[in-house]
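Engineer: Show me how the following folds:
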Amino acid sequence: MSSRIELVAPDPTDCKKGSAFREKCLPFVALSWGLCAFFPIGVMYLNLLLMLTALAFAPDWMQRVRKLRQESVVLPIALMVVWTLLAAAVGDWFPDTATRLFHVFRVALVLSIGLMLTAGEARMALAGFLLAAIFAALLVCAHHIWGMPDWAIWNGLLSSRNNFSSGNMITLATACGVYFFLGIRKGLRHEDRWLFLGAGLALSIVVSLHAFSRNSQLLLVLLLMTAVLCRFRSLRAAIFGLAVVVALAGSMWQFSSRTQSRFHELVANLQAAEVGGSYATSGGVRWRMYQEAAQGMAAHPVFGMGVGSWLPHWRTVWLELEKDGLPAVQRQFSEINNPHDDFLLAGMETGVPGMLILIWLVARFVRTGWRQASAAGSVTVLIGASVFTTALVNAPFRDAAFGMTLLWLLAVSVAAHGEVKR
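Structural biologist: This is a model prediction of the structure:
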């Protein structure tokens, strides 16, 4: 009888090997997501699926769940989900409601799995992200020198085609801010310092000269000032950072004709919208969308106009504004599924409380990083500043092209602290 039991009993050595294999998978999956930061959105969803699978089979998954529950940022994440569900239950159901709910759950899931990583896994992910940024910059340079084939895997990085192109430049500007901070922190060898600063300079040149997105260029300037503030943590640092920003902005303006033309175009767009009522431009349509979202929030301050209400409302508004416009132009502008401001979108659809919860969520991440007073904490502040700024001019919480990897990196940067901060 005992011999039969020995035959069917699992070998303890095999169990340990299986457990070790599952444990070793997570760092490589985390690294993979970081390395794929500039790949198409489908690759990001694949990495999300791989990460969920690796976490589900991790031998210490219960310990990771307990760690997640102890994080101070979990409360605003949970409140974001709960308040959105409450607003959806109280308000009307729209064709876009299910999509909006999906993205709210996606954001909560991405943030949660990032927080569940160990410090070592999180640092692997951040290292992959920084390496991917260097590869992306080299790819852009190669494209301008020799020309690269028009492949789907990188065409969103090499040309301005859709939201993903803008999101790539925003992510590249974020990496530049991180490199710059790593290059000015204390205790570095000269070789390492110049390596980090050189990488940051290369990325800043790519964003300044290649990016079609004004938002990424403004974000780059802001992140450099934030990096100086994180390094010195004083008013003097803020003043010095402002001087650096002014010098950089002046250089960017002087040497980038594309930057000049884009900002001149923005001023002309806003003037045409205010004086002539012409909103069929990049700047004009944004200005009108901000107005509509703010008015909707003011009219329904508690629960908003309803989750998913933006798109049907905006279609009606735009078709009324441009009655005599070309059909192609009407379709292009009337199908914009967010007002290019996540805070205003949350306020319009879920009321002032929904907007405040979203602001609190990002601020809580930034506060957690600032209190850490370390290199990892400063990286959290930088990525948090990037998310906050992007949410003011785009929709990282609504659009996965902007926020899928950026939000995951925000949570990962907190996990990299190595200890739970309340």
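Engineer: Okay, now the unreliable bits of the stretch 151-300 of the chain?
Structural biologist: The model of the stretch 151-300 of the chain has pLDDT under 70 over residues 161-162, 241, 245, 252-260, 262-278, 280.
Engineer: can you pull out the helices in it?
Structural biologist: Assigned helices in the stretch 151-300 of the chain, in chain order: 155-158, 163-184, 190-210, 214-232, 235-255, 257-271, 282-299 (criterion: DSSP state H, counting those that start in this stretch).
Engineer: and of those, who's closest to Ala37?
Structural biologist: helix 163-184 (5.9 Å; CB to CB). Bear in mind the C-beta positions are built from the backbone N, C-alpha and C, glycine included.
Engineer: What is the distance between that closest one and the centre of its chain?
Structural biologist: 10 Å (CA atoms, centre = their mean, to the nearest Å).
Engineer: Run through the neighbouring helices and strands of that helix.
Structural biologist: helix 119-145, helix 155-158, helix 190-210, helix 214-232, helix 375-393, helix 400-415 (3 or more CB pairs under 8 Å, 6 or more residues apart in numbering; DSSP states H and E).
Engineer: before we move on, back to that, burial-wise, tell me which of the helices of the stretch 151-300 of the chain comes out on top.
Structural biologist: Most buried of the helices of the stretch 151-300 of the chain, by mean neighbour count (mean count of other CB atoms under 10 Å): helix 163-184, with a mean of 25.
Engineer: Report the backbone C-alpha coordinates of that one in CSV.
Structural biologist: The C-alpha trace of helix 163-184 is given here as CSV (Å, rounded to 0.1, in the frame of the first residue of the first chain):
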residue,chain,number,x,y,z
ASN,A,163,-4.2,59.2,-30.6
PHE,A,164,-1.5,56.5,-30.2
SER,A,165,1.1,58.7,-32.0
SER,A,166,0.4,61.5,-29.5
GLY,A,167,0.4,59.0,-26.6
ASN,A,168,3.8,57.7,-27.8
MET,A,169,5.3,61.2,-27.7
ILE,A,170,3.8,61.8,-24.2
THR,A,171,5.3,58.6,-23.0
LEU,A,172,8.7,59.5,-24.5
ALA,A,173,8.6,62.9,-22.8
THR,A,174,7.9,61.1,-19.5
ALA,A,175,10.9,58.8,-20.0
CYS,A,176,13.0,62.0,-20.7
GLY,A,177,11.9,63.5,-17.4
VAL,A,178,12.9,60.3,-15.6
TYR,A,179,16.3,60.1,-17.3
PHE,A,180,16.9,63.8,-16.4
PHE,A,181,16.1,63.2,-12.8
LEU,A,182,18.3,60.1,-12.6
GLY,A,183,21.2,62.1,-14.1
ILE,A,184,21.0,64.9,-11.5
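Engineer: rewinding a little: so can I have CSV of the helices and strands packed on helix 163-184 showing distance to Arg66?
Structural biologist: Output for the helices and strands packed on helix 163-184, formatted as CSV (distance: least, CB to CB, whole Å):
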stretch, distance to Arg66
helix 119-145, 16
helix 155-158, 39
helix 190-210, 35
helix 214-232, 30
helix 375-393, 21
helix 400-415, 14
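Engineer: Which one of those helices lies nearest to Asp341?
Structural biologist: helix 375-393 (5.9 Å).
Engineer: Show me what the closest one packs onto, helices and strands only.
Structural biologist: With contacts defined as 3+ CB pairs under 8 Å, 6+ apart, helix 375-393 has these neighbours: helix 163-184, helix 214-232, helix 342-372, helix 400-415.
Engineer: So for Leu319, which of those sits nearest?
Structural biologist: Nearest to Leu319, of all the helices and strands packed on helix 375-393, is helix 342-372, at 18.7 Å by CB to CB.
Engineer: and the closest one with helix 282-299, angle?
Structural biologist: With axes from the mean of the first three to the mean of the last three CA atoms, to 10 degrees defining the directions, helix 342-372 sits at 90 degrees from helix 282-299.
Engineer: and the angle from helix 342-372 to helix 400-415?
Structural biologist: Going by the same axes, to 10 degrees, helix 342-372 makes 20 degrees with helix 400-415.
Engineer: re earlier: which one of the helices of the stretch 151-300 of the chain lies nearest to Phe129?
Structural biologist: Taking the helices of the stretch 151-300 of the chain one by one with CB to CB, helix 163-184 is closest: 6.6 Å.
Engineer: got the angle between the closest one and helix 119-145?
Structural biologist: Comparing the axes of helix 163-184 and helix 119-145 via the same axes, to 10 degrees yields an angle of 110 degrees.
Engineer: what angle do helix 163-184 and helix 375-393 make?
Structural biologist: 150 degrees.
Engineer: hmm, back to that, can you put the helices and strands packed on helix 375-393 in JSON lines and add distance to Thr380?
Structural biologist: Output for the helices and strands packed on helix 375-393, formatted as JSON lines (distance: least, CB to CB, whole Å):
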{"stretch": "helix 163-184", "distance to Thr380": "10"}
{"stretch": "helix 214-232", "distance to Thr380": "10"}
{"stretch": "helix 342-372", "distance to Thr380": "3"}
{"stretch": "helix 400-415", "distance to Thr380": "4"}
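Engineer: closest to Val90 out of those?
Structural biologist: Nearest of the helices and strands packed on helix 375-393 (CB to CB): helix 342-372, 9.5 Å.
Engineer: for the closest one, what is the average pLDDT?
Structural biologist: For helix 342-372, mean pLDDT rounds to 96.
Engineer: low pLDDT regions in the stretch 1-150 of the chain?
Structural biologist: 1-23.
Engineer: on that earlier part again, for the helices of the stretch 151-300 of the chain, which one sits closest to Gly351?
Structural biologist: If we rank these by CB to CB, the stretch that ends up nearest is helix 282-299, at 7.0 Å.
Engineer: re the thing from before, mind checking which of the helices and strands packed on helix 375-393 is nearest Val73?
Structural biologist: That would be helix 342-372 among those, by CB to CB, at 4.9 Å.
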